[in-house]
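Trainee: Please work out how this folds:
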Amino acid sequence: MKLLYFVSVLFLSSWATAQETPTSIEEVTIEKVSASDDSYDLLGRWHVNFAYFINDGVKSEGSEPIVETTWIFHQNGDLTIQTNNKMEATYKLEGDKLDVTFYGTVLKYTIKEYSGTNMVLQSTILETEEKSMYSISEFSR
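Mentor: Numbering: from 1, shown residues only. I've put the predicted structure just below:
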């Protein structure tokens, strides 16, 4: 059961990516946005287009999802994640912070870019004084 939980968390955080052709963190351009809760219209369908990891400042090559994945944000705070299966979660948006509760676990994201039709989410996987690992997921409507 713990393995299933771990795989589910990784699945939602991002997609498995190859660590080929790393580039430095300086080449990763993600702009911090400042906004109020109503600045992001998340309602509706968002398709996961691409994902990668930043591990100790080194960006992985990234990949497209293995299976088509859509997140559907509902007005009542429910979130439906559709892949080969349909999974239910809830979400809470405060400023640029998006919390997704999935099987009792809160996954924390930061909205790094948002245009109304495109969105980039960052999730912190590990952050200590010595190590850091983040997942970045790109979405579009």
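
Trainee: how about the helices in the protein?
Mentor: Using DSSP state H, the helices of the chain run over 2-13.

Trainee: can you list the weak-confidence ranges in it?
Mentor: Scanning the chain for pLDDT under 70 picks out 1-39.

Trainee: Name whatever forms a beta bridge with Trp71.
Mentor: Trp46, Ile81 (DSSP bridges).

Trainee: same question, Tyr52
Mentor: What pairs with Tyr52, by the bridge criterion (DSSP bridges), is Ile136.

Trainee: Just confirm it contacts Gly62, I think it does.
Mentor: Yes. Taking C-beta atoms under 8 Å as the definition, Tyr52 is a contact partner of Gly62 at 3.1 Å. Every C-beta, even on glycine, is put in place using the N, C-alpha and C of the backbone.

Trainee: what about those two, which has more around it?
Mentor: Tyr52 (21 against 18; other C-beta atoms under 10 Å).

Trainee: how close does that one get to Glu94?
Mentor: The gap separating Tyr52 from Glu94 is 26 Å, by C-beta to C-beta, to the nearest Å.

Trainee: ok, now Ile81?
Mentor: 21 Å.

Trainee: More neighbours: the two, which one.
Mentor: Ile81 (18 against 9).

Trainee: For the more buried one, which residues are in contact?
Mentor: Applying C-beta atoms under 8 Å, 6 or more residues apart in numbering, we find Ile81 in contact with Leu12, Thr69, Thr70, Trp71, Ile72, Met87, Glu88, Ala89, Phe102.
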